[in-house]
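*Asks:* Build me a structure from this.
(one chain, ligands or ions: 1)
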Amino acid sequence: MTLRALFVIALTLVSSASGASDTLIISDAWVRATPPGKMMTAGYASLENVSKEVITITGVSAEAAGHTSLHETRIERDRSTMRPVARLSIEAGERVSLKPGGLHIMLMKLSESLTDGQSIDICLELENNDSLCSAFSVARQHKAAHHH
Ligand SMILES: [Cu+2]
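*Replies:* As a prediction, the model looks like this:
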């Protein structure tokens, strides 16, 4: 085995050991069931950065949707508007909630309607080129988290 081959193997081991799944925890992930006749909806989750470095989300993708992006709902002059969010940085130790009325994952051009009980995969694309996928369960409304 050449030295170069060893080097490539070592690099591969390093990159698989530093998977983003250890550093950004996605929990409470859900997508609102599509209203009748609408082929768009929004996804929500809690994102916790348990690493020691800032993690920046630069994109979102989902096979179920033709177009997926991060959005933020804001109230301006008493009207609710949505705007795209190109980058979302989460500081070390910080938890960010994507929730109705705030940050959300916008799913547009869905290939089929989504009903209660289904689940779809949504991937977060990170600035370091990792992508972090998680199953989002489809629900008509948020089932309150259990507090013990
Ligand atoms: Cu939106």
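*Asks:* from the chain's centre, how far out does stretch 126-134 sit?
*Replies:* Average the C-alpha atoms of stretch 126-134, do the same for its chain, and the two points are 9 Å apart (CA atoms, centre = their mean, to the nearest Å).
*Asks:* So what touches that stretch?
*Replies:* With CB atoms under 8 Å, 6 or more residues apart in numbering as the test, stretch 126-134 has contacts from 19-21, 24, 26, 29, 45, 55-58, 61, 87, 121-125. The C-beta positions use only the backbone N, C-alpha and C, and glycine is treated the same way.
*Asks:* If any of those are buried, put those into a PyMOL selection.
*Replies:* What follows is the PyMOL syntax for the buried subset of the contacts of stretch 126-134, where burial is set by 16 or more other CB atoms under 10 Å:
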select buried, resi 20+24+26+29+45+55+57+61+122+123+124+125
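*Asks:* In this structure Leu124 contacts Val60, no?
*Replies:* Yes: between Leu124 and Val60 a contact is recorded at 5.9 Å, counting by CB atoms under 8 Å.
*Asks:* What about Val96, how many residues nearby?
*Replies:* Residues contacting Val96 under the criterion other CB atoms under 10 Å number 19.
*Asks:* residues contacting it?
*Replies:* Counting by CB under 8 Å, 6+ apart, the residues that Val96 touches are Ser46, Leu47, Glu48, Leu88, Ile90, Leu103.
*Asks:* Quick check: Ser80 is in a strand.
*Replies:* Yes: residue assignment for Ser80, taken from DSSP: H, G, I helix; E, B strand; the rest coil, places it within a strand.
*Asks:* for the protein, what are the low-confidence residue spans?
*Replies:* Counting by pLDDT under 70, the low-confidence segments of the chain come to 1-22, 144-148.
*Asks:* Now the residue most central in space within it: closest residue in space that isn't a chain neighbour?
*Replies:* Nearest to the mean C-alpha position of the chain, by CA atoms, centre = their mean, lies Leu124 at 4.4 Å. Leaving aside its chain neighbours, Leu124 sits nearest to Leu132 (4.7 Å; criterion: CB to CB, 6 or more residues apart in numbering).
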